[in-house]
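Asks: need a 3D model of the following:
(one chain, ligands or ions: 2)
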Amino acid sequence: MWSINDGKKLRNVELLALGDRYVGKTALLRRFGRQPFTFESYHTTVGLDIVRRVVSTDKDNSVCVKIWDTAGQERFHTVTRTVYQRCSGAMVVFDLGNRQSFLNVHAWVERLNQNAPANIIKCLVGNKADIAEREVTTEEAQKVAEFLDMPYFETSASVGMNVDSTVAWFVQEVCASAEASTDSDRTTLSTMPSVEDLGAEGKRKARSSCAC
Ligand SMILES: Nc1nc2c(ncn2[C@@H]2O[C@H](COP(=O)(O)OP(=O)(O)OP(=O)(O)O)[C@@H](O)[C@H]2O)c(=O)[nH]1
Ligand SMILES: [Mg+2]
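Replies: Ligands and ions are numbered 1, 2, ... in the order given. So this is what the prediction gives:
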């Protein structure tokens, strides 16, 4: 899980974003990758894409977060079992303004459970929290998340709400779980990693996308 980058240890964390078409997976990942949000014409994801960014967890440790962006449309959904298997975490995304995408969450979780490692860290993400007319309330989304035993986050890719903190939660959980399961290559995460708190190297990499 560790690699050496410019003499520093760099942990790699791979995540996966799943959910119906049009829920905003690409927009969320673009926001995380520091690419501008745009309401311009929608381009569906075909196959797989990936976003990378280096975040720092403390003075000495950096984490290269790679998030696989998947296609919500069935005919373009080409995620292989290998991709599921290499990920430590997955976010199942629905659109707070589209009830059907919320109802389909169970099918995405089922797909995840069938393909991903049993210990994969999961969360439910209700995106487009900025919109005025919702079709899903926070309370019902929280109930479903509780039933599925997943934490629930509400995000908005358009205004940048909770995007970094959702990824920071994953980084914390994945690193804590790796720390618990190995005696070597230990890292200490005393505080929630701040993805805003990139070091100079991380900032440079975030602009040009990291090489890890
Ligand atoms: N209001 C609002 N619109 C959003 C938000 N996130 C995404 N959108 C819009 O929703 C549309 C779909 O976003 P995408 O990110 O392409 O959706 P996707 O889930 O990647 O779709 P597929 O690639 O087809 O699976 C685009 O027009 C985005 O501009 C958000 O947080 N708020
Ligand atoms: Mg997409």
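
Asks: now the helices for the protein?
Replies: Here the chain has its helices, by DSSP state H, at 25-32, 81-86, 99-103, 105-115, 138-147, 163-181, 200-208.

Asks: which of the ones you listed sits closest to ligand 2?
Replies: Closest of these to ligand 2 is helix 25-32, at 3.2 Å (criterion: Cβ to the ion). (C-beta placed from N, C-alpha, C; glycine too.)

Asks: name the residues that touch the closest one?
Replies: Here helix 25-32 makes contact (Cβ atoms under 8 Å, 6 or more residues apart in numbering) with 17-19, 36-37, 43, 45, 49, 51, 53, 65, 67, 69-70, 72, 93, 125, 127, 155, 157-158, 160, 163-164, 167, 195.

Asks: model confidence over that helix, on average?
Replies: Regarding helix 25-32, the rounded mean pLDDT is 96.

Asks: so does that helix get close to ligand 2?
Replies: Yes - judged by Cβ under 5 Å from the ion, helix 25-32 comes into contact with ligand 2 at 25-26.

Asks: go on, stretch 157-177?
Replies: No - applying Cβ under 5 Å from the ion, one finds stretch 157-177 separated from ligand 2 by no less than 10.8 Å.

Asks: buried residues in that stretch, which are they?
Replies: Of all the residues in stretch 157-177, those buried under the rule 16 or more other Cβ atoms under 10 Å are 157-158, 161-164, 166-175.

Asks: for stretch 43-63, measure first residue to last.
Replies: From its first residue to its last, stretch 43-63 covers 29 Å (Cα to Cα, to the nearest Å).

Asks: in that stretch, what's buried?
Replies: 45, 48-49, 51-57, 61-63.

Asks: quick check, pLDDT for Ala200.
Replies: The score at Ala200 is 38. That number is its pLDDT.

Asks: so which of the contacts of helix 25-32 reach ligand 1?
Replies: The residues of the contacts of helix 25-32 that also fall near ligand 1, by Cβ under 6 Å from any ligand atom, are 45, 72, 127, 157-158.

Asks: would you list these in CSV and tack on distance to Asn113 and pLDDT?
Replies: Shown next, in CSV, are those (distance: Cβ to Cβ, whole Å; pLDDT from 0 to 100):
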residue, distance to Asn113, pLDDT
Thr45, 22, 92
Gly72, 18, 94
Asn127, 22, 98
Ala157, 26, 96
Ser158, 30, 95
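
Asks: which one among the residues you listed gets closest to Glu146?
Replies: The nearest member of those to Glu146, counting by Cβ to Cβ, is Asn127 at 19.0 Å.

Asks: what about the contacts of helix 25-32, which are in strands?
Replies: Those of the contacts of helix 25-32 mapping onto strands are 17-19, 49, 51, 53, 65, 67, 69-70, 93, 125, 127, per DSSP state E.

Asks: now, the most widely separated pair of those?
Replies: Gly19 and Arg53 (20.4 Å).

Asks: between the helices of the chain, which gets nearest to Ile121?
Replies: Across these, Ile121 has its closest neighbour in helix 163-181 (4.8 Å, Cβ to Cβ).

Asks: just the CA coordinates for stretch 149-163, please, in CSV.
Replies: In CSV, the C-alpha atoms belonging to stretch 149-163 read as follows (Å, rounded to 0.1, in the frame of the first residue of the first chain):
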residue,chain,number,x,y,z
ASP,A,149,-25.1,0.0,7.6
MET,A,150,-23.5,2.8,5.8
PRO,A,151,-22.8,6.4,6.8
TYR,A,152,-24.7,9.0,4.9
PHE,A,153,-23.3,12.3,3.5
GLU,A,154,-25.1,15.0,1.6
THR,A,155,-23.0,16.7,-1.0
SER,A,156,-23.3,19.3,-3.8
ALA,A,157,-20.7,19.2,-6.6
SER,A,158,-22.1,22.5,-7.8
VAL,A,159,-21.2,24.5,-4.7
GLY,A,160,-18.5,22.2,-3.4
MET,A,161,-20.4,21.2,-0.3
ASN,A,162,-19.0,18.2,1.7
VAL,A,163,-17.1,16.8,-1.3
